[in-house]
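Peer 1: Let's see this in three dimensions:
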Amino acid sequence: MVRAVCVVAGLLFFAPRTPPSDVDGVTFALAFRAGEADRYRNTQVTGTGMSFHGAITERIADGSTRRSIVVTLGSSAADGRMTLLKTWDEFAAAERARTTLVVALSGPDLPEVPAAPTAIRFSGVYDGQVRTIMRLPQAGEGGGADSGPCPGEQARQPDAKASFYCAPLLTGATATIVSE
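Peer 2: Prediction:
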């Protein structure tokens, strides 16, 4: 009997850990920023945020195009406070302070989002892909260092003056515009 209990306990202890079936977008984005996003690999990420960038047309490897969206979840200060961003001025200030918290969405049927503050409800799977995001030109040098582009996505011109940061990409994403 003791042997059976030890075997079961050992199997439970050494069994592969399955990621949670669903994780909140803010929790996930904070984990990504902390370098701990791999624990959410192949996990459904859901949340609500604002699109300030509008829809972006991306070219796929097969030559076709699809829409992608960058969703700003808020502004995350060093002290852990999270602030929702609803206006262009709030977004620009967060970009200058380098505190915006974002996820990028890629999916076959994302809505056409205007380049104006638009509330978005989203869902997608993090499979380890990333997307380089360019900061607003109005953000200037800002109040902190940028993480720079994602690995392997450096600017073609080494003297590019833009500021870049790396964001997690949620694939197979769905999104709906939330009317307020």
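Peer 1: Give me the pLDDT for residue 145.
Peer 2: Model confidence at residue 145, given as pLDDT, is 59.
Peer 1: My error: substitute residue 59 in the last question.
Peer 2: At residue 59, pLDDT is 79.
Peer 1: now swap in residue 139 and tell me
Peer 2: For residue 139, the model assigns a pLDDT of 60.
Peer 1: before we move on, what about residue 86?
Peer 2: 93.
Peer 1: list the contacts for it?
Peer 2: Residue 86 sits next to 50, 117 when contact means C-beta atoms under 8 Å, 6 or more residues apart in numbering. Glycine gets a C-beta too; all of them are placed from N, C-alpha and C.
Peer 1: cutoff 10 Å now
Peer 2: Residue 86 makes contact with 50, 72, 74, 117, 119, 180, according to C-beta atoms under 10 Å, 6 or more residues apart in numbering.
Peer 1: now stretch 55-66, how far from the centre of its chain.
Peer 2: Offset of stretch 55-66 from its chain centre (C-alpha atoms, centre = their mean, to the nearest Å): 19 Å.
Peer 1: ok, residue 170 touching residue 122?
Peer 2: Yes - between residue 170 and residue 122 there is a contact at 7.2 Å, judged by C-beta atoms under 10 Å.
Peer 1: Now the common contact residues for the two.
Peer 2: Shared contacts of residue 170 and residue 122 (C-beta under 10 Å, 6+ apart): 25, 45, 46, 47, 69, 71, 103, 105, 107.
Peer 1: pLDDT wise, what is the second one at?
Peer 2: Note on residue 45: pLDDT of 97.
Peer 1: With the fifth one instead?
Peer 2: In the prediction, the pLDDT value recorded for residue 69 is 94.
Peer 1: and it, how many neighbours does it have?
Peer 2: 25 (other C-beta atoms under 10 Å).
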